[in-house]
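S.K.: Can you look at this prediction? I've put the sequence above it.
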Amino acid sequence: MESEKLIIFDTTLRDGEQCPGASLNIAEKLEIARQLALLKVDVIEAGFPAASPGDFESVKQIANEIRGASIAGLARALDKDIEAAARALEKAARPRIHVFLSTSKIHRKHMVHKAKAEIIDMAVKSVSFARKFCDDVEFSPMDASRTEKEFLVEVLDAVIDAGASTLNIPDTVGYSIPGEFAQLIAHLKENVTGIDRAIISVHCHNDLGLAVANSLAAVQAGARQVECTINGIGERAGNAAMEEIVMALRTRRDYYGIDTRIDTRHIQPCSKLVSSLTGFFVQRNKAIVGKNAFAHESGIHQHGFLKRKDTFEIMDPKDVGVDESELVMGKHSGRNALLHKIKELGFDLTPKELDVVFHEFKVLADEKKEIFDDDILTLIQKQRWTEENQTTYTLEKIGGRFETGTPPEGHVVLKSRDGKQHDASASGDGPVDSIYNAIDMITGLTCRLMDYQVMSKTRGKDAQGEVTVRVASDNREVIGKGAGTNTLEASAHAYINAINKLLMKTKAGPVAPGEVPGP
Amino acid sequence: MDPNRLVIFDTTLRDGGHCLDTPPPTADRLAIARELALLGVDVIEAGYPAGPSGDREAVEAIAAGVSGPGIAALAAARPAEIEAAAQALEKASRPRIHIYLPTGGARREQGQQEARAALVRQTREAVAQAARWVDEVEFSPFDATRTDEGLLAELLAAAIDEGAKTVNISDTLGCCLPEEFGGLIARLRAEVGNIGQATLSVHCHNDLGLAVANSLAAVKAGARQVECTVNGIGERAGNAALEEIVMAIATRNNYYGIDTGVDITRLLPASRLVSRLTGTRVQENKAIVGDNAYRHRLQIPANRFQKKGSPIEGVKPLQ
């Protein structure tokens, strides 16, 4: 007998991208969408087309290019939003419009200012309107887990009648507990008329660390779609992590008896890609995709007992694409070997891009002996970070006096897009601060440095340092990255990368303030 | 034992330490232990004196230098290890010896009456020996969730009979699911005759991302101690995260009806200290203690949600 299938709805590009600092550009979103298609997710929520022209464009490009997965666009229960989603999805092979509307008492009162009857009316009208453009319509009563049960049933009854084929129950504030959430799903399954004609979906947030457990409990209670993100990224504490849900179902198939279509071997590459493009690093003890997830390095297990692999591994690392025999590259590795590696890492570079990366690779190979996967990822990213069309400033040179006992003095030379050179010197609390102050003098921006982190990308004393900064200016916040064996230079690169992003964003125009954030 | 009180057993320094390439120096471990005492955990597992990572000195220093919480040391069910633990804890005001019994090896032979009897005997001897040194003895059959349930019940009963005050069920490989784990705890409570004389504890690993959910399911089923680590650090995918368990129980008191002794205003300082001294970064979207945990998109005017009832957040930010 064929087993039941769970639909994996990925919202990395929509809800995942909503966390502060995670701004992805269109090329980056496409890159991630391609990986998601390789991973074989069923639905890719590509964005919120009405939110901004940039969002519209990225949904459109993803809809045009990506095949093999349905492409969803988010919309509020408003005609203009639904129209925007429909237009962005025009060329998708399998488009889906995802309409959401707040239903909980507290949201009705404080956010949408509508009575119950008005909410039902809006829900029905918007779903019928969306059905004019596309057969596949999903409806989310926002903050469902805090909505009165009877009213929730009423709303869902009405939208099924209006033609919604997926009903998504979000735990918007991450307040639910598995037993409780499962009960809610079971209640809906029992009480909503026509529920057999629709798929029940869940969308869980991780504020109490229970997003995955809540999603799994819902599946056990009859949900057949879960909305999740790679690495669990998302607003606040994030969304349910796709890799954890997929691997829990797979490892404990004896219990759930449900399969997904996911090709798990792409989990690790996809996780790395999302982490490097969004700037959100994955902590080492993160389940499934953390660096240590499969490491049995120390502790009591090696203390004489049970060294056998099968007694200590509930999953095979290879199943999630963790390759233990990581190919180390070096000075003598050629262009083809590099190209092969880059493809393996999930990137598709143009010949011109490859030239740049190959050149940088040779430079790096002179600086350090062994080059690891993460080094190559860093090189690709470096090339992306400085993509010409997004660059207002590039770093030419840094220098300064950073001796013990004297106040640090940093000196930088930047080149602006018009080809002009600018230089400035400044003092500061430390070398990095003085360099950043000098950069500020040139750009004239007032930036606040919210966070500064250096991580060594690989092992060894000659490892590249990757600097991540979080910079805020005028109520906008971006993450900037820079890497290299010279940490001060990498710090300058990271800061300039952030500034370039800030300048790009300003040009694109702000998203209208006061928008509701979505399920 | 207060049925409405959950004992927080922190093992950041023991199981948490297992994930580190280089174990922190004694001074740093002492600093973490002091912070844990401020946080209000009930028991600090300070290390494994007879273990491979040379914890003895640190356990001694913490036993002598930290007051408030009980101080626990791990030992395998062997005379030499139990003695090492007892000696390291000599200066503690509330010492606890935590004995673990490797039963996993017995899985293959679990049908054999002889092997089972040997494990029961080993348990009795070990607990009795430890009880001669300290009042608080905790007993953990290793890899409990994959051990034959009948054997498990027998071992717990034997340990309690010899004076174990706490018996701990470990999901060593993190392969259990919440419902299953809750069921196991409920059955053990029913099947082990003398379970009322001990506190039932759980120790969950996060390989499938379910350590916190499993711990909470166990609490709902009657467990009254959870073993956890700050930031969820630990071997492989780590242990159950202390801050998530504490905040779930505090935020959803209406559901659990139980309290911990943790001062939640100290969660963030503890998280930061552990992160800094162990060199383990906390990811931005980590629940409760991640940098982003309480931040919404900047576009949303903050004042709109701060008026009353905070429609967006279920969890109050930590200060």
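M.R.: Perfect, I can see it now. Residues are numbered from 1 along each chain as shown, chains lettered A, B, ... in the order given.

S.K.: show me what contacts residue 164?
M.R.: Defaulting to chain A. By C-beta atoms under 8 Å, 6 or more residues apart in numbering or on different chains, the residues touching residue A:164 are A:99, A:127, A:137-139, A:198. Placement of C-beta: from N, CA and C, glycine included.

S.K.: right idea, wrong chain: chain B
M.R.: Residue B:164 sits next to B:99, B:127, B:131, B:137-139, B:198 when contact means C-beta under 8 Å, 6+ apart.

S.K.: and of those residues, the nearest to chain A?
M.R.: Among these, residue B:99 lies closest to chain A (C-beta to the nearest C-beta), at 12.2 Å.

S.K.: Three-state assignment for residue B:228, please.
M.R.: When classified by DSSP: H, G, I helix; E, B strand; the rest coil, residue B:228 comes out as strand.

S.K.: Among the contacts of residue B:164, which ones are in strands?
M.R.: Within those, residues falling in strands by DSSP state E are B:99, B:137-139.

S.K.: what stretches of chain A score poorly on pLDDT?
M.R.: A:1-2, A:21, A:296-312, A:323-328, A:384-390, A:459, A:475, A:504-519 (pLDDT under 70).

S.K.: And the strands in the stretch 1-150 of chain A, which stretches?
M.R.: Here the stretch 1-150 of chain A has its strands, by DSSP state E, counting those that start in this stretch, at A:4-5, A:7-10, A:43-47, A:70-76, A:95-102, A:137-142.

S.K.: a markdown table for these, including mean neighbour count and distance to residue A:285?
M.R.: Output for those, formatted as a markdown table (neighbours: other C-beta atoms under 10 Å in any protein chain shown; distance: least, C-beta to C-beta, whole Å):
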| stretch | mean neighbour count | distance to residue A:285 |
| --- | --- | --- |
| strand A:4-5 | 12 | 31 |
| strand A:7-10 | 25 | 24 |
| strand A:43-47 | 30 | 28 |
| strand A:70-76 | 28 | 32 |
| strand A:95-102 | 26 | 33 |
| strand A:137-142 | 27 | 32 |
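
S.K.: Output those strands as CSV; include the columns distance to chain B.
M.R.: Shown next, in CSV, are the strands of the stretch 1-150 of chain A (distance: least, C-beta to the nearest C-beta, whole Å):
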stretch, distance to chain B
strand A:4-5, 17
strand A:7-10, 15
strand A:43-47, 14
strand A:70-76, 14
strand A:95-102, 9
strand A:137-142, 10
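
S.K.: Among these, which comes closest to residue B:234?
M.R.: Closest approach to residue B:234 among these (C-beta to C-beta): strand A:7-10, 28.2 Å.

S.K.: Pairing partners for the closest one, with directions?
M.R.: strand A:43-47 (parallel), strand A:225-228 (parallel) (DSSP bridges).

S.K.: so which of those comes closest to residue A:348?
M.R.: Set against residue A:348 and scored by C-beta to C-beta, the strands paired with strand A:7-10 come closest in strand A:43-47, at 17.2 Å.

S.K.: So residue 234, which state does it fall into?
M.R.: By default, I'm working from chain A. coil.

S.K.: other chain: chain B
M.R.: When classified by three-state DSSP, residue B:234 comes out as coil.

S.K.: where's the residue lying farthest from the centre of chain A relative to chain B, distance?
M.R.: Distance to the chain centre peaks in chain A at residue A:405, reaching 44.1 Å (criterion: C-alpha atoms, centre = their mean). Distance, residue A:405 to chain B, using C-beta to the nearest C-beta, to the nearest Å: 27 Å.

S.K.: One more: residue A:266?
M.R.: The span separating residue A:266 from chain B equals 18 Å under the rule C-beta to the nearest C-beta.

S.K.: can you tell me which residues contact that residue?
M.R.: Neighbours of residue A:266 in contact, by C-beta under 8 Å, 6+ apart: A:35, A:38-40, A:321, A:346.

S.K.: Tabulate those (JSON lines), appending neighbour count and distance to chain B.
M.R.: Output for the contacts of residue A:266, formatted as JSON lines (neighbours: other C-beta atoms under 10 Å in any protein chain shown; distance: C-beta to the nearest C-beta, whole Å):
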{"residue": "A:35", "neighbour count": "22", "distance to chain B": "19"}
{"residue": "A:38", "neighbour count": "16", "distance to chain B": "23"}
{"residue": "A:39", "neighbour count": "27", "distance to chain B": "18"}
{"residue": "A:40", "neighbour count": "15", "distance to chain B": "21"}
{"residue": "A:321", "neighbour count": "20", "distance to chain B": "16"}
{"residue": "A:346", "neighbour count": "21", "distance to chain B": "21"}
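
S.K.: and which of those is nearest residue B:169?
M.R.: residue A:321 (32.7 Å).

S.K.: Now do the contacts for the spatially closest residue to that closest one that is not a sequence neighbour.
M.R.: Excluding the flanking residues, the one nearest residue A:321 by C-beta to C-beta, 6 or more residues apart in numbering or on different chains is residue A:268, at 3.7 Å. Contacts for residue A:268 (C-beta under 8 Å, 6+ apart) come out as A:289, A:320-322.

S.K.: so of those, which ones are in helices?
M.R.: Among these, no member is found in helices (DSSP state H).

S.K.: ok, of the residues you listed, which one's closest to chain B?
M.R.: Taking these together and measuring to chain B by C-beta to the nearest C-beta, the closest member is residue A:289, at 9.2 Å.

S.K.: Give me the number of neighbouring residues for residue A:122.
M.R.: 18 (other C-beta atoms under 10 Å in any protein chain shown).

S.K.: Enumerate every residue touching it.
M.R.: A:77, A:101, A:114.

S.K.: Now with 10 Å, please.
M.R.: Counting by C-beta atoms under 10 Å, 6 or more residues apart in numbering or on different chains, residue A:122 touches A:76-78, A:99, A:101, A:112, A:114, A:155.

S.K.: how far away is residue A:22 from residue B:269?
M.R.: Residue A:22 is 27 Å from residue B:269, where distance means C-beta to C-beta, to the nearest Å.

S.K.: same question, residue A:89
M.R.: Residue A:89 is 48 Å from residue B:269, by C-beta to C-beta.

S.K.: more neighbours, the two?
M.R.: Taking other C-beta under 10 Å, residue A:89 and residue B:269 do not tie; residue A:89 has more neighbours (26 against 13).

S.K.: what about residue A:270, neighbour count?
M.R.: Residue neighbour count, defined by other C-beta under 10 Å, stands at 28 for residue A:270.

S.K.: now do residue A:335
M.R.: 13.

S.K.: right, and it touches residue A:355 too?
M.R.: Yes. Taking contacts as C-beta atoms under 10 Å, residue A:335 lies within contact range of residue A:355: 9.1 Å.

S.K.: tell me the SS of the residue in the stretch 1-150 of chain B that chain A sits nearest to?
M.R.: Nearest to chain A, among the residues of the stretch 1-150 of chain B, is residue B:18, at 3.6 Å (C-beta to the nearest C-beta). Judged by three-state DSSP, the three-state class of residue B:18 is helix.
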